[in-house]
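Participant: Kindly return the folded structure for what I paste below:
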Amino acid sequence: MDDATTRRTMLAVHRTILCADVEEFCRPDRTNPVQVAVRAALRRSLETAFGRSALRWERCHREDRGDGMLILVPPDVPKGLLAGPFMSALAAALAEHNRQVPPSTRIRLRVAVNAGEVQFDAHGVVGTAINQTFRLLESKPLKEALRTSHADLALIVSEWFYGEVIHHQEAGEFGVFHKVPVRVKETTAWGWLRLPQEARVRDRVRTMADQDVLDHPEIEAALAGP
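Facilitator: This is a model prediction of the structure:
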């Protein structure tokens, strides 16, 4: 590898970042063979959703994360596809899977979407934007929203992604998002959350605030949104 090529591989590049995590992947009824089946079904559902929303699965960098996946989408792909058509297709693919399998193999999925600079090396990829996306994925509001709903899928996007992509779409085109505080490890930020049971999301966020589960000085601003 010449010096110019080496320098190029050391430079950060922009990607849309999607992280997915299966709820309760390690619960007791999920034996090793069941976990293998769940992992296969997750990958199949994601690949199906990509195809149905005109996104090319083979162009994306993909990393297996055991109970989830990290997917990096090339910068020339419109980000709105990830927030709108892809999420609808993924929810449909999960619903199709869940109708055909026993409870132990059904999938309920948390998804976080962000965008930013990432850097590849010989072993994978790193970047602050990726770290932030995983913090969103592990946030209490996202986990609670999925746990207390009947949905198969819960989505959270970063504040940057919401402001630069979703905010500029026609009202309601990607559904209604709710602003929620994110506090995970050293990260304190805002995220924007959506899943089909919209009223249930807002009620649950308000309950958590009333119980001081979300101790954030601007929580009322989040609850006063649309």
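Participant: From now on I want contacts and neighbour counts done on CA atoms only, so please keep to that.
Facilitator: Fine.
Participant: Residue 119 contacts residue 11, correct?
Facilitator: Yes - contact criterion C-alpha atoms under 8 Å: residue 119 and residue 11 qualify, at 6.5 Å.
Participant: out of those two, which sits in the busier spot?
Facilitator: Comparing residue 119 with residue 11 by other C-alpha atoms under 10 Å, the one with more neighbours is residue 119, at 17 against 11.
Participant: Give me the pLDDT value at the more buried one.
Facilitator: With respect to pLDDT, residue 119 scores 95.
Participant: What is the three-state secondary structure of it?
Facilitator: Secondary structure state of residue 119, per DSSP: H, G, I helix; E, B strand; the rest coil, is strand.
Participant: The chain should start at 9 in everything you say after this.
Facilitator: Renumbered: residue one is now 9, and that last one reads residue 127.
Participant: What about the closest residue to it other than its chain neighbours, how many residues nearby?
Facilitator: Nearest non-adjacent residue to residue 127, counting by C-alpha to C-alpha, 6 or more residues apart in numbering: residue 20, 4.5 Å away. Residues near residue 20, counting by other C-alpha under 10 Å, number 15.
Participant: got a list of what residue 20 touches?
Facilitator: Contact analysis of residue 20 by C-alpha atoms under 8 Å, 6 or more residues apart in numbering lists 125, 126, 127, 128.
Participant: Helices along the protein, start to end?
Facilitator: 11-18, 40-60, 88-91, 93-108, 136-145, 148-155, 167-169, 206-218, 227-231 (DSSP state H).
Participant: name the helices or strands packed onto the second one?
Facilitator: Contacting helix 40-60 under the criterion 3 or more C-alpha pairs under 8 Å, 6 or more residues apart in numbering; DSSP states H and E are the following elements: helix 93-108.
Participant: Quick one: mean pLDDT over the helix it packs on.
Facilitator: Averaged over helix 93-108, pLDDT sits at 93.
Participant: what's that helix packed up against?
Facilitator: So helix 93-108, by 3+ C-alpha pairs under 8 Å, 6+ apart, packs with helix 40-60.
Participant: how much does the helix it packs on deviate in direction from helix 93-108?
Facilitator: For helix 40-60 against helix 93-108, the angle by axes from the mean of the first three to the mean of the last three C-alpha atoms, to 10 degrees is 140 degrees.
Participant: tell me the contacts of the residue nearest to residue 144 when sequence neighbours are not counted?
Facilitator: Among residues not flanking residue 144 along the chain, residue 120 sits closest, at 6.2 Å (C-alpha to C-alpha, 6+ apart). Going by C-alpha under 8 Å, 6+ apart, residue 120 touches 26, 27, 28, 141, 142, 144, 145, 163, 164, 165, 166.
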